[in-house]
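1. Next come a sequence and a model predicted from it.
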Number of protein chains: 2
Amino acid sequence: MLIVENRSIPLYIQIKDLFVAKISKGEWSPGDMISSEIQLAQELGVSQGTVRKAITELVEKNVLTRKQGRGTFVSNHDTNRALFHFFHITDNQGHKVLPDSTVLNCRRKKATRKEASKLQLESGTRIIRIERIRNFSAVPTILETITLPEEPFSDLGKASNCNLPNMLYELYEQQFGITIHSADEQLRAVSASEQESKLLNLEVGSPLLEIERVALTLDKRPVELRISRCNTLNHYYENMIF
Amino acid sequence: MLIVENRSIPLYIQIKDLFVAKISKGEWSPGDMISSEIQLAQELGVSQGTVRKAITELVEKNVLTRKQGRGTFVSNHDTNRALFHFFHITDNQGHKVLPDSTVLNCRRKKATRKEASKLQLESGTRIIRIERIRNFSAVPTILETITLPEEPFSDLGKASNCNLPNMLYELYEQQFGITIHSADEQLRAVSASEQESKLLNLEVGSPLLEIERVALTLDKRPVELRISRCNTLNHYYENMIF
DNA sequence: TAGTGGTCTAGACCACGAG
DNA sequence: TCGTGGTCTAGACCACTAA
């Protein structure tokens, strides 16, 4: 592979884009070790420092992971990353614990207008809609509605009769080759409906924190819409701003 | 200034810490241009690349700002930074607009236990407590309670009879030399009290989004506690996760 | 034109991990 | 011991800004 002698775009940016493309196309998969910096530099006809700068920027974006003495790897979704990167609910003592999940139902439907818009689908496209309840030490606290396009996720929850794992992003990566890389969350305060209040042992109209998340791949394609409604009496949503 | 020949801590980290210390001590102030990379390298007895790496990390943390052809500057709190970095409320169309503010009252009291704890003050320390209401195009939407330690902010809102500007962080920086650098926000859904519902033209018990923010300086000292309660019918809190 | 940051190189040596 | 990433150097040239 030769880098274009295009002086308007810095070499390290071109290399970064090349690496992102390799990952998006599946040429490099999560967990893979990539070639060493020196080897990549030789292949690309640039110095080690230039490759290094490209890699550094991707490490900062959580796309690659360096391990001194071992090599550089394509990041994958371990539980830690899910927990500390994507999960923002904390108990009132400031401890972050993952809740367990119970699937209430899992249906294949046509996308609503909102779902189609959020997932950038044609209106009427078929989707999978999962509803589950999440408990912290047996206390039901969060109601989740998860919408996925049926297309790449067709097998999901079918054979196993809705028996889905707690950490869905690991499943998407391992079973469908789709890695969630970023997310856009919108938060609002809403009132619990009759059904919601029953499921969460609250009075009708109790305030709930609604989190509407669109999860995106590395190349910014929306993959999952997840609407969570949380009882925030004993928990809160934490956001550190740096 | 000489850098210690301490091989356990990389030079560029030592230099970074040195720069942070200079800013924290007020030796470098917001808006100041610092010496050029080459000059700093000579003064510190290292190569330009090493100084450059230290500066790069501080630029990524919004502590310094580089301007090609001009120099490197200590970041200051312009309206853009406040808007895009610290203000996360967006209208339902996705537009970010700053609300205006009307101060309801401004009192000097003893810190409550919660205020003392959040601001790391001795219990009973005197504080300034400001209540204000914020409107989007004349629609009252957010109620804010702002708590500041009386100590460095003693003058605040006194002479001018509670006539405070909309953007308080600019005021803290310009009048008190305190730059807000990061913040820790905790979000919950709560019910509007009778008084709150009156001020926001809502029914009693309507769900409100509560944002409890502790604002921190560069050296992590808590400076301001701000509790906002927002009507999220026409707005939401946005959080992009990368 | 002079001075700044931005990119890129070639090479040295260190720290770490695995065999 | 070998190969990896991590730090650091010295110097070249480009792009931008201001005088």
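-> Sure, I can see it.

2. Quick check: residues of chain A near DNA strand D?
-> A:7, A:34, A:36-39, A:49, A:52, A:66-72 (CB under 7 Å from any atom of the strand). No exception for glycine: its C-beta is placed from N, CA and C like everyone else's.

3. Try it again at 10 Å.
-> A:7-8, A:10, A:33-41, A:47-49, A:51-52, A:55-56, A:59, A:64-73 (CB under 10 Å from any atom of the strand).

4. Pull out the buried residues from these.
-> Buried residues within the residues of chain A next to DNA strand D, defined by neighbour count using 16 or more other CB atoms under 10 Å in any protein chain shown: A:34, A:37, A:40-41, A:51-52, A:55, A:64-65, A:72-73.

5. related to what we said a few turns ago, keep only the residues of chain A next to DNA strand D that also lie close to DNA strand C.
-> A:7-8, A:10, A:37-38, A:41, A:47-49, A:51-52, A:67-71.

6. Which pair in these has the greatest spatial separation?
-> Greatest spacing in those, by CB to CB: A:S8 and A:G69 (37.5 Å).

7. Which helix or strand lies directly C-terminal to the helix or strand of chain A with the lowest mean pLDDT?
-> Every helix and strand in chain A was compared by mean pLDDT, DSSP states H and E; the lowest is helix A:79-81, with a mean of 76. Where DSSP states H and E defines the elements, the next helix or strand beyond helix A:79-81 is strand A:89-91.

8. Whichever helix or strand comes after that following strand pairs with which strands, parallel or anti?
-> The helix or strand immediately downstream of strand A:89-91 is strand A:100-110, counting by DSSP H and E. Strand A:100-110 has these partner strands in its sheet, going by DSSP bridges: strand A:126-136 (antiparallel).

9. Name the residues of the helix or strand that the partner strand is followed by that are buried.
-> Later in the chain than strand A:126-136, the nearest helix or strand by DSSP H and E is strand A:139-149. By neighbour count with 16+ other CB under 10 Å, strand A:139-149 contains the buried residues A:140-149.

10. who does whichever helix or strand comes after strand A:139-149 touch, helix- and strand-wise?
-> Per DSSP H and E, the first helix or strand lying C-terminal to strand A:139-149 is helix A:150-153. Under the contact criterion of 3 or more CB pairs under 8 Å, 6 or more residues apart in numbering or on different chains; DSSP states H and E, helix A:150-153 touches strand A:126-136, helix A:168-176.

11. Give me the average confidence score over stretch A:124-132.
-> Mean pLDDT, stretch A:124-132: 95.

12. Give me the contacts around that stretch.
-> A:101-111, A:115-116, A:119, A:121, A:143-151, A:153, A:156-157, A:162, A:164 (CB atoms under 8 Å, 6 or more residues apart in numbering or on different chains).

13. redo that, cut-off 6 Å
-> Applying CB atoms under 6 Å, 6 or more residues apart in numbering or on different chains, the external contacts of stretch A:124-132 come out as A:101, A:103-111, A:115, A:144-150, A:153, A:156.

14. Also stretch A:55-69?
-> In contact with stretch A:55-69 (CB under 6 Å, 6+ apart) are residues A:16, A:72-73, A:75.

15. hmm, back to that, filter the residues of chain A next to DNA strand D down to just the ones in helices.
-> Cross-referencing the residues of chain A next to DNA strand D against helices under DSSP state H gives A:37-41, A:48-49, A:51-52, A:55-56, A:59.

16. surely A:L40 meets A:K53?
-> No. Taking CB atoms under 6 Å as the definition, A:L40 is not a contact partner of A:K53, at 11.9 Å.

17. follow-up on the earlier one: Throw the helices and strands packed on helix A:150-153 into JSON lines and include mean neighbour count, thanks.
-> Listed next are those as JSON lines, based on neighbours: other CB atoms under 10 Å in any protein chain shown:
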{"stretch": "strand A:126-136", "mean neighbour count": "18"}
{"stretch": "helix A:168-176", "mean neighbour count": "18"}
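
18. what's the closest of the ones in helices among the residues of chain A next to DNA strand D to DNA strand C?
-> Nearest to DNA strand C among these: A:G49, at 2.9 Å, using CB to the nearest atom of the strand.

19. got a pLDDT number for the closest one?
-> At A:G49, the predicted lDDT confidence score is 97.

20. Of all residues in chain A, which one is nearest the centre?
-> Chain A has A:I180 as the residue nearest its centroid, 3.4 Å off, counting by CA atoms, centre = their mean.

21. DNA strand C versus that residue, what's the distance?
-> 27 Å (CB to the nearest atom of the strand, to the nearest Å).

22. Relative to A:E37, how far out is the residue nearest to A:S35 when sequence neighbours are not counted?
-> Spatially, and ignoring its direct neighbours in sequence, A:S35 is nearest to A:E43 (7.2 Å; CB to CB, 6 or more residues apart in numbering or on different chains). Taking CB to CB, to the nearest Å as the measure, A:E43 falls 11 Å from A:E37.
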